[in-house]
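*Asks:* What would the 3D arrangement of this be:
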Amino acid sequence: MKRLVVALLAMLALSTLARSDGIYNPTSNQIGFTDGVNNLGVGISGPTILLSNATIASTATIGTTVGALSVINGSGTYTFTLTSNPGGLFAISVANLNVAAALTAGSDPITIHADNGAGGLITQPFVITVTAPVTNDALLADNSSPALLADNTNAACLAAGGC
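*Replies:* So this is what the prediction gives:
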């Protein structure tokens, strides 16, 4: 109940609010909760871009969706654009982040901008993790080589969705 009261007061944009269970910061439009020792995280924040998934296999083909984009704590319909996309590896189609070029395993930083056309502008960095494919040369957890099946395929690779 106390957190609900704090959240409601923050939404009224009070310039300063201090309670035993939360502190409103008007500069960042956030409420932080504490148990007196530890910061327990942010209860409410301004508009934030969400990416439903930030990991993709290096074998993904062009056009494969990495994840869906959305905005929380915002209003209206947002249009998404990439403002930083080194190597042109990714593209946005409506509200999906898609693969736009051949990928290699590693981490790829990007920046996404969201605009609702009514002054609601958000720019947020993300790191897309590109995973390496499982190969026939991969060792099992016990450091043994994976056994080949009768048709020369690898059971571990098949279980992982392919090599």
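*Asks:* what's near enough to touch Gly120?
*Replies:* Shown in contact with Gly120 (C-beta atoms under 8 Å, 6 or more residues apart in numbering): 47, 71, 74-76, 78, 114. Every C-beta, even on glycine, is put in place using the N, C-alpha and C of the backbone.
*Asks:* Equivalent analysis for Ile62, please.
*Replies:* Listed by C-beta under 8 Å, 6+ apart, the contact set of Ile62 reads 98-102.
*Asks:* Name the SS class of it, please.
*Replies:* Following DSSP: H, G, I helix; E, B strand; the rest coil, Ile62 is assigned to coil.
*Asks:* and what of Gly76?
*Replies:* Applying three-state DSSP: Gly76 is coil.
*Asks:* Pro133 belongs to a strand?
*Replies:* No - going by three-state DSSP, the assignment for Pro133 is coil, not a strand.
*Asks:* Look up how far Ala57 lies from it.
*Replies:* Pro133 sits 6 Å away from Ala57 when distances are taken as C-beta to C-beta, to the nearest Å.
*Asks:* circling back to that earlier point, of the contacts of Ile62, grab the buried ones for PyMOL.
*Replies:* Buried residues among the contacts of Ile62 (16 or more other C-beta atoms under 10 Å), as a PyMOL selection:
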select buried, resi 98+99+100
